[in-house]
Structure formats: structure tokens, C-alpha cells
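**Q** Dropping a prediction and its sequence here:
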Amino acid sequence: MKVGDINNMPSISMFYGIIIYMYPSEDKRHHTPHIHAKYSGKEAVFSIENGEIIKGDIPVKQANLVKAWMEIHNDELMANWELAVSEKEVYKIDPLK
């Protein structure tokens, strides 16, 4: 699955027009915990471990909001990652407030 194929991914949060998805098994080689963020037709993949953009791009302001949200919810993101890798349902995470 490519960055542009997020329509089938479960949404885990939404804030300020940004939709956050988690889908770890695009292929069996994925080892880096990550999330997908979509904003206004643009998409980016962020590493959960360090908040850096792995692939794609979204505007800087929105990328900074995603990074702040990830820092606040890092433990929940890692727990969701473990569930997703085990092909279990992930949980919703509170939006950035």
C-alpha cells in the first residue's frame, strides 16, 4: 500500500483538519512504528519513535501539530502499534486540544 492509499486505513484521531491513520502492514517489511497524517489533500508518514517525516509532506504548521500530538500520546501510539502489528483493532486517541 502506498502513502496515497490511506482510504482503507482505520482513523485513530482527527484534529484541526488533520486525520491520523495507523496501518502497519502495508507490506511485511515494515518495522518502523509510524502513523499516516492527511491534511487538505496532502499526506505524510511520521515515525512514532522520533516524530520525523518518513515519507510524503504536509504543510509545516500541520506537521508541527502532528508532532506535538505524537509527543503527548506517544505511549498510546506505541500500544496501538503493537495491537496493529498483531492484526488487532486499534483504539481511538484523543485529539490535540
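**A** All right, it came through fine.

**Q** Tell me how many other residues crowd Leu83.
**A** 15 (other C-beta atoms under 10 Å). (Each C-beta comes from the backbone N, C-alpha and C, glycine too.)

**Q** Sketch out the helices for the protein, chain order is fine.
**A** Assigned by DSSP state H, the helices in the chain fall at 60-72, 74-85.

**Q** and the spatially most central residue of the chain, what pLDDT?
**A** Most central residue of the chain, judged by C-alpha distance to the mean C-alpha position with C-alpha atoms, centre = their mean, is Ile35 at 2.0 Å. Taken from the predicted model, the pLDDT recorded for Ile35 is 94.

**Q** for the one 3 residues further on, same thing?
**A** According to the prediction, Lys38 has pLDDT 96.

**Q** what is it paired to in the beta sheet?
**A** Lys38 has the following beta-bridge partners by DSSP bridges: Ile19, Glu43.

**Q** one step back: please look at the residue nearest to the centre of the chain and Ala44 and confirm they touch.
**A** No: shown here, Ile35 and Ala44 do not form a contact pair, counting by C-beta atoms under 8 Å, at 9.3 Å.

**Q** Need the overlap of contacts for those two.
**A** The contact sets of Ile35 and Ala44 overlap at Val66 (C-beta atoms under 8 Å, 6 or more residues apart in numbering).

**Q** Return the residues in contact with the residue nearest to the centre of the chain.
**A** Here Ile35 is in contact with Ile12, Ile20, Tyr21, Met22, Val45, Phe46, Ile48, Val66, Met70, Leu77 (C-beta under 8 Å, 6+ apart).

**Q** where's Asp94 relative to Lys38, distance?
**A** 18 Å (C-beta to C-beta, to the nearest Å).

**Q** Need the pLDDT of Lys2.
**A** Reading off the per-residue confidence, Lys2 sits at a pLDDT of 40.

**Q** got it, and Thr32?
**A** For Thr32, the pLDDT comes out at 87.

**Q** Now it: closest residue in space that isn't a chain neighbour?
**A** Ser47 (5.9 Å; C-beta to C-beta, 6 or more residues apart in numbering).
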